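Student: Okay, predicted coordinates and the sequence, questions at the end:
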Amino acid sequence: MKEIIQKPRGTKDILPDDEKYWRFIENTISKRCQAFDFGKIETPMFESSKLYTRAIGENTDIVEKEMYEVRRLVQNIEKDGNDETLVLRPEFTAGIVRAYIEKGMFVWPQPVKLYSFGPVFRYDRPQKGRYRQFNQFNLEVLGNADPLTDVVLLLLTWQIFSDLGLKDEIVIEVNSIGCKNCRSKIKKTLINYFKQYKSQLCEDCQRRLENNPLRVLDCKKEACANIATGAPQIIDLICVECKDHFKQVLEGLDDLEIPYDLNPKLVRGLDYYTRTTFEIRDIRDESRQSSLAGGGRYDNLVELYGGKNTPAIGIAGGVERIIEKIKEVDVKIPEFKKSDIFIVQIGESAKKIALKLIYDLGEKGFSTSCSLGRESLKSQLKAADKTGAKLTLIIGQREVFDKSVIIKNMAEGSQETIEIDDLDKVLLKYFKS
Ligand code: HAM
């Protein structure tokens, strides 16, 4: 028996029945982004590993455990002079910042507003809502430090979730983790606090404590989460400017009546963040293990890559998780039309005419489908119904002989027989444009 090859763990096949969800989300995002003057950017699916090590941070789960290396699969490889390690992108932000610098977007009118949609890859432990290949929608605004930019990005995100029918299902959690000048005070205070409980922390947190104590606040392990409950609050440790920035963000959200929860423990799992951070959570997710979207300011990242001082902010949403939520609450989403016309054929001669019609009608801009097997009239009509076609053209032996075609109006159930030469004229009646 031949081995049946299966899809890799943590990946998903997306079948035609699910296509409407993907289209719905992608259309919603591009419509809203265009209204907010965001341009679409596509960056490579693999990049130099240095890009992520430098930005996301050496002591993060993504960099320590979750990146996939990309290599040419050839034995006895001759070196081609380029020894850099390439990895599949685990997120969009780092690649977009690289492109911002490399493509000179800093000379464009600022801020530069960009959106993306596509797959990212992380070696995560697969479970419901957690995959190794998953899709993100991603929004970035580069070149503006104003708190109003934070508000506008959250407004756009809120409106996207609202268009997706999830407004009442989500909560926006916000926090500020201060600027780079606040970091040493925050680190020192947190290290002092967590040191007392060091032996009770998980292995990862013990190891990361000295370098990156903020990570401990983000640890999902029960023991660490319990200890973190009593930790000093970051918001009390940030500088006056950061406090004022955050206050203005919250006032902006209040003015627009965008609901939010303050979460003083929200630090995010990537190191590049500064000041405002946020996560969009499912209100019913009591385990608090997974967010629907997350992001924040990253005011130092462009500089970290060798660019000029460029404050920036962004957010990414997990598309698979959003689709699972849309299905769970049964959001009514628009069915998209698959074809205008379905052609039913009975017999070999009819099949030849059907093929010619698919070609001719396609040239005229109609989307047309057909069963090309030997299915019965009944099962072909059932297939026609499923495609949502407006009209079905039926060609049997009699129609071949008479050079005619039966036109069935699928919505009304009525039908008429016409000469095949009159088809264009009659179709105009049904499809006015
Ligand atoms: P992130 O929080 O790592 O942020 O990921 C964003 C979203 O991706 C999460 O909220 C979640 O919905 C989804 N996600 C993460 N891991 C998985 C997984 N294993 N399976 C399914 N979905 C997942 C970022 O990626 C940042 N780059 C966001 C950002 C943009 N910050 C600034 N700009």
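Tutor: Nice, I can see it.

Student: who are the neighbours in contact with the residue nearest in space to the middle of the chain?
Tutor: The chain has Gln136 as the residue nearest its centroid, 2.3 Å off, counting by CA atoms, centre = their mean. Gln136 makes contact with Glu91, Phe92, Ser116, Phe117, Gly118, Val120, Ala316, Gly317, Gly318, Val319, according to CB atoms under 8 Å, 6 or more residues apart in numbering. Just so you know, the C-beta spots here come from the backbone N, C-alpha and C atoms, and that holds for glycine as well.

Student: What about the ligand: which of the residues you listed touch it?
Tutor: Filtering the contacts of Gln136 for neighbours of the ligand using CB under 6 Å from any ligand atom leaves Glu91, Phe92, Ala316, Gly317, Gly318.

Student: Save those residues as CSV, and put in secondary structure and neighbour count too.
Tutor: Converted to CSV, these look like this (DSSP: H, G, I helix; E, B strand; the rest coil; neighbours: other CB atoms under 10 Å):
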residue, secondary structure, neighbour count
Glu91, coil, 19
Phe92, coil, 24
Ala316, strand, 19
Gly317, strand, 24
Gly318, strand, 23
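
Student: wait, which of the residues you listed is closest to Asn300?
Tutor: Glu91 (16.9 Å; CB to CB).

Student: ok, now how distant is the closest one from Ile56?
Tutor: To Ile56, Glu91 is 7 Å away according to CB to CB, to the nearest Å.

Student: Quickly list what's touching both of the two.
Tutor: Common contacts of Glu91 and Ile56, defined by CB under 8 Å, 6+ apart, comprise Ile62, Leu270.

Student: residues in contact with the residue nearest to Asn409 when sequence neighbours are not counted?
Tutor: In space, Asn409 comes closest to Leu391 once its chain neighbours are excluded; the distance is 6.4 Å by CB to CB, 6 or more residues apart in numbering. By CB under 8 Å, 6+ apart, Leu391 lies in contact with Asp340, Ile341, Phe342, Ile407, Lys408, Asn409, Met410, Leu427, Tyr430.

Student: PyMOL command to pick out the buried ones of these?
Tutor: This is the PyMOL syntax for the buried subset of the contacts of Leu391, where burial follows 16 or more other CB atoms under 10 Å:
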select buried, resi 340+341+342+407+408+410+427
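
Student: In strands only, show me the contacts of Leu391.
Tutor: Taking DSSP state E, the ones among these that sit in strands are Ile341, Phe342, Ile407, Lys408, Asn409.

Student: who does the third one bridge with?
Tutor: Right, the one you point to is Ile407. Leu393, Glu416 (DSSP bridges).

Student: I'd say Gly295 and Ile315 touch.
Tutor: Yes - if you go by CB atoms under 8 Å, Gly295 and Ile315 touch, sitting 3.1 Å apart.

Student: The two: which has the busier surroundings?
Tutor: Neighbour count, other CB atoms under 10 Å: between Gly295 and Ile315, Gly295 has more, with 27 against 23.

Student: Up against the ligand, what does the chain have?
Tutor: Within the chain, the positions near the ligand by CB under 6 Å from any ligand atom are 91-93, 122, 124, 129-131, 134, 136, 138, 140, 269, 291-296, 298, 314-318, 320-321.

Student: Can you flag which of those residues belong to strands?
Tutor: For the residues of the chain next to the ligand, the ones inside strands are 134, 136, 138, 140, 293-296, 314-318, with DSSP E as the criterion.

Student: ok, which pair from those residues is furthest apart?
Tutor: For those, the farthest-apart pair by CB to CB is Phe134 and Gly296; their separation is 19.8 Å.

Student: Those two: who's more crowded?
Tutor: Between Phe134 and Gly296, Gly296 has the larger neighbour count (other CB under 10 Å), namely 26 against 19.

Student: so where is the stretch 51-200 of the chain shaky, pLDDT-wise?
Tutor: Applying pLDDT under 70 to the stretch 51-200 of the chain flags residues 75-82.

Student: now the strands for it?
Tutor: 69-70, 86-88, 112-121, 133-142, 170-176 (DSSP state E, counting those that start in this stretch).

Student: cool, the stretch 301-433 of the chain as well?
Tutor: Along the stretch 301-433 of the chain, the stretches classed as strands by DSSP E, counting those that start in this stretch are 312-318, 341-345, 368-370, 391-395, 404-409, 415-419.

Student: Reformat the ones you listed as JSON lines; add mean pLDDT.
Tutor: Formatted as JSON lines, the strands of the stretch 301-433 of the chain follow (pLDDT from 0 to 100):
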{"stretch": "strand 312-318", "mean pLDDT": "98"}
{"stretch": "strand 341-345", "mean pLDDT": "95"}
{"stretch": "strand 368-370", "mean pLDDT": "90"}
{"stretch": "strand 391-395", "mean pLDDT": "96"}
{"stretch": "strand 404-409", "mean pLDDT": "96"}
{"stretch": "strand 415-419", "mean pLDDT": "95"}
